[in-house]
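# for reference, the sequence and a predicted model appear below.
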Amino acid sequence: MSTRRKFLIDSAQAAGTLFFSGCGLSTIANAQSPVPQSPLRRREITVGGKRVRTVDLHCHAHVPEAWEPVKDHDVGETLRTTLSGVRGAALNIHNVNDRLRVMDEQGIDFEAVSITAFWYGAPRDAVAELIRIQNEKLFQLVAAHPDRFVALASVALQFPNLAAEQLERAMRQQGMRGCLIGTSVNGEELSSPRLRPFWAKAEELGALVFIHPQNFAEGAARFRGNGNLPNVIGNPLDTTTALAHLIFDGVLDRYPGVKICAAHGGGYLPSFAARADRCFTQAPDACKPVKQPPSAYLKQIYYDSLVFTAEQLRHLVAEAGAGQIVMGTDHPFGWTSESVDHILNTPSLSDDDKRAMLGENAAKLLRLPA
């Protein structure tokens with residue numbers, strides 16, 4: 001390990017820290033004890049003269065201590081690389097107040113914090129300890145700031161029964177509102193029969209399952225070159241493929257009560273649903289066991305608002321309905337700092353649509369107190 005990497009990890013562990021982190025950027029946040037609220041005045045959002053409680057459902061973190069149980073495995077290198085990727089001013093230790101200050105500036109009242117799944121290649125004992133550490137740190141963060149954060153648990157989906165147990169413990173004992181999972185598990189689709197114990201438990205608990213992409217590694221050879229294609233193309237494609245399997249392989253029919261939210265506006269799914277419907281009518285044998293046209297399932301899935309133009313947001317609402325859209329920032333990856341204004345300034349949305357998407361939909365999914 002390089003001296004710089006060791007310094008970053010050791011410093012973070014000594015401070016008992018949690019990193020707010022996205023796809024390659026990290027900010028360190030102290031989650032051990034309450035920190036005074038930001039002295040800056042919070043931007044309050046109103047729509048049609050009515051105060052709106054805004055909720056960001058897509059916000060990342062990393063827990064440096066989680067490196068220890070997996071340091072001798074490939075996934076440990078993945079986490080270590082992420083932690084050592086902090087550059088420039090971010091090398092200074094920032095605490096939770098830094099994120100609260102940004103939330104106040106942007107007009108975000110609540111965030112659902114989650115950790116992008118990188119641990120599916122870890123063995124059972126190691127990943128069980130990793131998940132225990134991560135969920136405990138998220139629990140501490142929420143306990144310190146219950147008026148600003150809720151958490152989505154980490155689960156070891158490569159071991160479905162263990163994942164179900166971890167989800168139940170996180171929700172029943174630590175007050176978490178669901179979990180984040182990746183789009184596949186070591187090449188296995190989320191629709192695999194082997195994962196049914198997890199889906200059954202998620203439905204039973206009323207858990208929100210936030211599906212986040214992993215760059216679509218299968219396309220790596222064609223993503224080489226300019227354009228950051230693993231992210232720009234790969235991530236939306238990854239989400240699209242996962243959702244399509246959940247639809248076409250019958251998972252949404254088998255577990256109609258499961259609550260799924262897809263990152264980045266659901267990838268390409270809302271834009272190709274009509275093509276999938278045509279397949280359903282012209283080649284029905286290829287679409288079994290689906291019980292209804294694929295586009296009908298769009299309204300059974302929730303989507304974050306992380307698309308980049310008013311027209312894209314209008315289209316997403318037209319395909320899925322305003323009641324299925326929640327606000328997402330993808331903090332701190334830097335895709336946008338205007339998630340609130342993106343919704344407020346989309347002219348096709350009614351005031352009711354805006355209030356729902358800014359916070360009401362997410363508050364119901366996350367079961368936030370009134």
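Done, it's in.
# contacts, neighbours, all on C-alpha from now
Fine.
# how distant is the top helix by length along the chain from the center of its chain?
When the chain is parsed with DSSP state H, its longest helix is helix 124-144. Mean C-alpha position of helix 124-144 versus that of the full chain (C-alpha atoms, centre = their mean, to the nearest Å) differs by 16 Å.
# likewise for stretch 255-270?
With C-alpha atoms, centre = their mean, you get 11 Å for stretch 255-270.
# now do the buried residues in it.
257-270 (16 or more other C-alpha atoms under 10 Å).
# could the residues you listed go into CSV alongside pLDDT and secondary structure?
Formatted as CSV, those follow (pLDDT from 0 to 100; DSSP: H, G, I helix; E, B strand; the rest coil):
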residue, pLDDT, secondary structure
257, 96, coil
258, 97, coil
259, 98, strand
260, 98, strand
261, 98, strand
262, 98, strand
263, 97, coil
264, 96, helix
265, 97, helix
266, 97, helix
267, 97, coil
268, 96, coil
269, 95, helix
270, 94, helix
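# and those, which is closest to residue 59?
residue 263 (10.6 Å; C-alpha to C-alpha).
# tell me the mean pLDDT over stretch 127-144?
What stretch 127-144 shows for mean pLDDT is 94.
# I meant stretch 277-287, not that one.
For stretch 277-287, the per-residue pLDDT averages 88.
# just stretch 220-234 next, same as before
Here the average pLDDT along stretch 220-234 is 93.
# then stretch 291-302?
94.
# contact partners of it?
247-248, 252-253, 259-262, 270, 273-274, 276-277, 280, 319-321, 324-326 (C-alpha atoms under 8 Å, 6 or more residues apart in numbering).
# measure that stretch end to end?
20 Å (C-alpha to C-alpha, to the nearest Å).
# would you mark the buried spots in that stretch?
Per 16+ other C-alpha under 10 Å, stretch 291-302 contains these buried residues: 293-295, 297-298, 300-302.
# just these: which are in strands?
Per DSSP state E, strands hold the following members of these: 301-302.
# JSON lines for the buried residues of stretch 291-302, including distance to residue 62?
Shown next, in JSON lines, are these (distance: C-alpha to C-alpha, whole Å):
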{"residue": "293", "distance to residue 62": "39"}
{"residue": "294", "distance to residue 62": "35"}
{"residue": "295", "distance to residue 62": "35"}
{"residue": "297", "distance to residue 62": "32"}
{"residue": "298", "distance to residue 62": "31"}
{"residue": "300", "distance to residue 62": "30"}
{"residue": "301", "distance to residue 62": "26"}
{"residue": "302", "distance to residue 62": "24"}
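# from the buried residues of stretch 291-302, pick the one nearest residue 109.
Checking those against residue 109 with C-alpha to C-alpha, the nearest one is residue 302 at 20.2 Å.
# for the longest helix of the chain, packing partners?
Secondary-structure packing of helix 124-144 (3 or more C-alpha pairs under 8 Å, 6 or more residues apart in numbering; DSSP states H and E): helix 67-70, strand 149-151, strand 153-154.
# rank those by pLDDT, which is bottom?
helix 67-70 (a mean of 88).
# starting at the chain centroid, how far to the next helix or strand after it?
Downstream of helix 67-70, the first helix or strand assigned by DSSP states H and E is helix 74-83. Remark: helix 74-83 is offset 19 Å from the chain centroid, using C-alpha atoms, centre = their mean.
# tell me which helix or strand comes right after helix 74-83.
helix 96-106.
# chain center to that following helix: distance?
With C-alpha atoms, centre = their mean, you get 19 Å for helix 96-106.
# kindly report the same for stretch 59-66.
13 Å.
# end to end, how far does it reach?
So stretch 59-66: terminal residues 18 Å apart, C-alpha to C-alpha.
# equivalent analysis for stretch 174-182, please.
22 Å.
# run through who's touching that stretch.
114-117, 139, 150-155, 157, 167, 170-171, 202, 206-214, 366-367.
# tell me which of those fall in helices.
Reading helices off these with DSSP H, I get 139, 167, 170-171, 202, 366.
# so residue 111, which of the three states?
strand (DSSP: H, G, I helix; E, B strand; the rest coil).
# can you give me the neighbour number for residue 232?
Neighbour count of residue 232, defined by other C-alpha atoms under 10 Å: 12.
# circling back to that earlier point, any idea which of the helices and strands packed on helix 124-144 is most buried?
Counting by mean count of other C-alpha atoms under 10 Å, strand 153-154 has the highest mean neighbour count of the helices and strands packed on helix 124-144, with a mean of 29.
# who does that strand pair up with?
strand 178-181 (parallel) (DSSP bridges).
# ok, back up a step: now the two most distant members of the buried residues of stretch 255-270.
Between any two of the buried residues of stretch 255-270 (C-alpha to C-alpha), the greatest distance is 23.5 Å, for 257 and 268.
# quick one on the thing from earlier: list buried residues within the contacts of stretch 174-182.
With burial judged by 16+ other C-alpha under 10 Å, the buried subset of the contacts of stretch 174-182 is 114-117, 139, 150-155, 157, 167, 170-171, 202, 206-214, 366.
# re the thing from before, dump the helices and strands packed on helix 124-144 into TSV; add distance to residue 196 as well.
Below are the helices and strands packed on helix 124-144 laid out as TSV (distance: least, C-alpha to C-alpha, whole Å):
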stretch	distance to residue 196
helix 67-70	26
strand 149-151	23
strand 153-154	17
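# so which of those is nearest residue 358?
strand 149-151 (15.7 Å).
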